[in-house]
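In: When you get a sec, could you give me coordinates for this:
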Amino acid sequence: MRDDLLVQLQEWHEEDEFQEIVDAIQAIPVEERDYELVNHLGRALNNLERYEEAVEQFLTVAKEGTGDPLWHYRIGLAYYYLEQYAHALQAFERADQLDPEDEDTLEFLEWIRSKMEEESSEELLEESVDESVSPDPSVSEISTAPFSVSHLEPTGFWNDSAEAVDQYVLAPPTDGQIESVEEQLVFKLPTSYINMMKLHNGGVPHYRYYPVSQAEAAKKVRVEIAGILGIGREKAHSLGGEAGSRFIIEQGGYPEIGVVVCECSSESEVVMLDYRESGNAGEPEVVHVDKNENYKITWLAPNFETFIQGLLNEEHQPANLQGVL
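Out: Residues are numbered from 1 along each chain as shown. The predicted model follows:
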């Protein structure tokens, strides 16, 4: 039965009947869709130019796709047409590593690098124009306006409501503060996380939903986070704060596998940096832990950067993360 379906899906693909593929696979319950079916669905969505939906589907099988050049190629293509060139570059570079000298991959890499060079040139030109504008002599050179963390966030990734800022957001951490918190936690924090916190130290993102891998999903197909803990101790909702990582692990009985980096909308769930495979100084994976499911650990992403890139908003669209990571 399944073999017949796969043959039919390939025939529809060759006949450009992409909506037929989408309808057939979406009629199958989510928990019964395997890696191959999800890839057929994502490819069809790409061909229908429904790139946001394609990214969401590909992310649900990210774990299985780690060593598959086609998976990286296809999600890279979706990111390319969404004009998220940094993500696309990462995906196509990985595809090239896994399948060197593939002509289509090399062609996309050339296009992406050209697009990124164009964007960089445009930004430099805009900065040059801004600097060439004569200052208004009636305006002081030193701004007295209060500092706003939103100045660091050009893409709309963060939801800087008064409540979110009050509970989560800290001043950018110094190198000394980072080392001190790492010493307290006994884990080296990922570089991508540190870089992100130097731009915006903790907070509540608009993009709070992460699709669970098909291989891992049982009841839950999407994780919802409530906030990302920043580096510091000054606020309760920070890594070293009164309600930070150590407190959550000890009070909630969560497994001693790493660092709680995100609180979830449900108080019985957390997202953690998992150092079991990497060791305390290595690059941790990202997992979801559910206290109400006997502390079930669900794999989410191979690293923090991939996790952040995979977050979706309520309309299930990915974030444009330029300037965030």
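
In: shaky segments in the chain?
Out: Counting by pLDDT under 70, the chain has low-confidence residues at 1, 122-155, 213-220, 315-325.

In: care to break it down by domain?
Out: Split into domains by automatic domain parsing, the chain comes to 2-107, 149-309.

In: Those domains: which one's closest to R113?
Out: Closest approach to R113 among the domains of the chain (CB to CB): domain 2-107, 7.1 Å. C-betas here are computed from N, CA, C, even on glycine.

In: what's the span of the closest one from first residue to last?
Out: Criterion CA to CA, to the nearest Å; first-to-last residue distance in domain 2-107 is 34 Å.

In: Pull out the buried positions in stretch 59-69.
Out: By neighbour count with 16 or more other CB atoms under 10 Å, stretch 59-69 contains the buried residues L59, T60, V61, A62, K63, E64, G65, D68, P69.

In: Any chance of the domains of the chain in TSV with distance to E119 as columns?
Out: As requested, the domains of the chain are exported to TSV (distance: least, CB to CB, whole Å):
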stretch	distance to E119
domain 2-107	7
domain 149-309	13
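
In: quick one: which of these is nearest S121?
Out: Nearest of those (CB to CB): domain 2-107, 13.6 Å.

In: Touching the helix or strand L6 falls within from outside, list them.
Out: In the assignment (DSSP states H and E), L6 maps to helix 2-14. Applying CB atoms under 8 Å, 6 or more residues apart in numbering, the external contacts of helix 2-14 come out as F18, E20, I21, A24, I25, E36, H40, R43, A44, N47.

In: after that helix, next one along is what?
Out: Assigned by DSSP H and E, the successor of helix 2-14 is helix 18-26.

In: Could you check how far T306 is from V186?
Out: 24 Å (CB to CB, to the nearest Å).

In: Actually, R50.
Out: Using CB to CB, one obtains 45 Å as the distance from R50 to V186.

In: ditto for R74
Out: Counting by CB to CB, the gap from R74 to V186 is 39 Å.

In: Repeat that for Q97.
Out: Applying CB to CB, the value for Q97 to V186 is 33 Å.

In: Equivalent analysis for G203, please.
Out: 25 Å.

In: What of S266?
Out: S266 is 27 Å from V186, by CB to CB.

In: the helices in the stretch 51-200 of the chain, which residues?
Out: In the stretch 51-200 of the chain, the helices defined using DSSP state H, counting those that start in this stretch lie at 51-59, 62-65, 69-81, 85-98, 103-132, 162-168, 175-185, 191-199.

In: quick one, which of those helices is nearest to D290?
Out: helix 62-65 (17.6 Å).

In: which helices and strands sit right next to the closest one?
Out: When contacts are defined as 3 or more CB pairs under 8 Å, 6 or more residues apart in numbering; DSSP states H and E, helix 62-65 sits against helix 35-47, helix 69-81.

In: And the helices in the stretch 201-325 of the chain?
Out: Under DSSP H, counting those that start in this stretch, the stretch 201-325 of the chain gives helices at 245-252, 304-309.

In: Nearest to S114, out of the ones you listed?
Out: Nearest to S114, of all those, is helix 304-309, at 21.8 Å by CB to CB.

In: got a list of what Y79 touches?
Out: By CB under 8 Å, 6+ apart, the residues touching Y79 are Y51, V55, Y85, H87, A88, A91.

In: okay, T306 and V186: which has more neighbours?
Out: T306 (18 against 13; other CB atoms under 10 Å).

In: just checking, the more buried one touches A62?
Out: Yes: proximity of T306 to A62 meets the contact threshold set by CB atoms under 8 Å, at 6.9 Å.

In: I'd like to know how far W111 sits from D175.
Out: 38 Å.

In: the more surrounded of these two?
Out: W111 (14 against 9).

In: what's that one in contact with, if anything?
Out: Contacts of W111 by CB under 8 Å, 6+ apart are Y80.

In: And for K198?
Out: P172, P173.

In: Just the buried ones from the contacts of helix 2-14, in ChimeraX syntax?
Out: Provided next is the ChimeraX selection string for whichever of the contacts of helix 2-14 are buried by 16+ other CB under 10 Å:
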select :18,20,21,24,25,40,43,44,47
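
In: closest one to V212 among the helices and strands packed on helix 62-65?
Out: Of all the helices and strands packed on helix 62-65, helix 35-47 sits nearest to V212, with 12.3 Å by CB to CB.
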